[in-house]
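In: output the structure for:
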Amino acid sequence: MPYRLQTSSRAALFPLLLAGLPCDAAVPGAWERFPIQWNANAWTFFDAADGLFYPVEWVNPPNGDPHIRAIHLGDAPLTFVAGPAVGSGALVGDYHAANVRAVACEVFIEDLTEFEAVECSVSADGPAGRRIYHSRPLPAALFSGNGWHQVEFDFGEDWFYQNDDGWQPVTVNAAFLTTIGDVGITFLPLPGSLANSLAAIDNVILAPHVTAPPLALLTGETTFRITFAPARGLCHHAADVIPLK
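Out: From the prediction side, this is the model:
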């Protein structure tokens, strides 16, 4: 892995991320917009500075674009965590059945000069067994400046796990995707940073594979008909992550 990943922070995530592996399908195209406080209440964040989990802060600014945020303690990584409580499990479970290609979201970087990278992590039964797997970190060099940025963590790329020999790449397979547990979005400040920077996320989406469905063509002497069935995960608007009451 080309960027610092603090072992202590990742080890402390194991009790949460490996607590349980849901078997139900995730919601195709699930979209967490944090429209109300109730949505935010289902999320937590892990602060590597003290190894504890905390409630996130829900923010509803005048521009009408609500999101969640938290504050780093110095240079400690900070992870926003979604588990089975988020959207009644819409963001976890069987990604293969839900046709999920990637986890996408918007991230807020308060100070790019104090920022190192952002990554995604999931728990899964992957090629190296049941453990936490990490995306390739997206470094500061990929971002144009402070503020909001769209990011995506694609399961078509290598993911990584850590053992005594360091970071090991794995190819994501169907078994991996069918057993996705809690999902984390981690912000890593630069080592030695004392900025206590703000981190925030919004619009978390299970981005689907988009493929053209097969067409069936029926013709008559004066008419023709084309029929097709929409592929899984194409109707994002129908799958907003809203708590079930």
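
In: the residue sitting nearest the centre point of the chain and I68, how far apart?
Out: Closest to where the C-alpha atoms of the chain average out (Cα atoms, centre = their mean) is V103, at 4.5 Å. In this structure, V103 and I68 are 16 Å apart, going by Cβ to Cβ, to the nearest Å. (Glycine included, C-beta is placed from N, CA and C.)

In: what does D75 give?
Out: Relative to I68, and taking Cβ to Cβ, D75 is found at 21 Å.

In: pick out whichever of these two has more residues nearby.
Out: I68 (24 against 21; other Cβ atoms under 10 Å).

In: chain neighbours aside, what residue packs nearest to A140?
Out: Leaving out its chain neighbours, the residue that sits closest to A140 by Cβ to Cβ, 6 or more residues apart in numbering is F115, at 4.9 Å.

In: can you tell me how far that neighbour sits from P35?
Out: For F115, the distance to P35 - Cβ to Cβ - is 28 Å.

In: more neighbours: those two, which one.
Out: F115 (23 against 15).

In: before we move on, back to that, for the residue nearest to A140, which residues are in contact?
Out: Listed by Cβ atoms under 8 Å, 6 or more residues apart in numbering, the contact set of F115 reads 109, 140, 143, 187-190, 197.

In: flag the shaky bits of the protein, pLDDT-wise.
Out: The model of the chain has pLDDT under 70 over residues 1-23, 211-213, 215-245.

In: please enumerate the helices of it.
Out: 7-17, 37-41, 174-177 (DSSP state H).

In: which strands and helices sit next to the last one?
Out: Under the contact definition 3 or more Cβ pairs under 8 Å, 6 or more residues apart in numbering; DSSP states H and E, helix 174-177 sits against strand 115-126.

In: test my guess that A128 contacts V172.
Out: No: A128 is not in contact with V172 according to Cβ atoms under 8 Å; the separation is 11.6 Å.

In: neighbour count: the two, which is higher?
Out: More neighbours surround V172 than the other of A128 and V172, with 20 against 16 (other Cβ under 10 Å).

In: E157: what's it in contact with?
Out: 135-136.

In: now do A199
Out: So A199 contacts 69-72, 78, 80, 107-110, 187 (Cβ under 8 Å, 6+ apart).

In: before we move on, what about A200?
Out: A200 sits in contact with 59, 67-70, 107-108, where contact means Cβ under 8 Å, 6+ apart.

In: same thing but at 6 Å, please
Out: Under the criterion of Cβ atoms under 6 Å, 6 or more residues apart in numbering, the neighbours of A200 are 67, 69, 108.

In: tell me the most packed of those residues, by neighbour count.
Out: That'd be H67 among the contacts of A200, by other Cβ under 10 Å, with 24 neighbours.

In: quick one, what contacts that residue?
Out: H67 neighbours (Cβ under 6 Å, 6+ apart): 34, 59, 200, 202.

In: and if you look at C120?
Out: Applying Cβ under 6 Å, 6+ apart, the residues contacting C120 are 103, 135, 153, 185.

In: from A97, how far out is the closest residue to the last one other than its chain neighbours?
Out: Okay, so that is I185. Once flanking residues are discounted, I185 sits nearest to F80: 4.7 Å by Cβ to Cβ, 6+ apart. When distance is defined by Cβ to Cβ, F80 is 25 Å away from A97.
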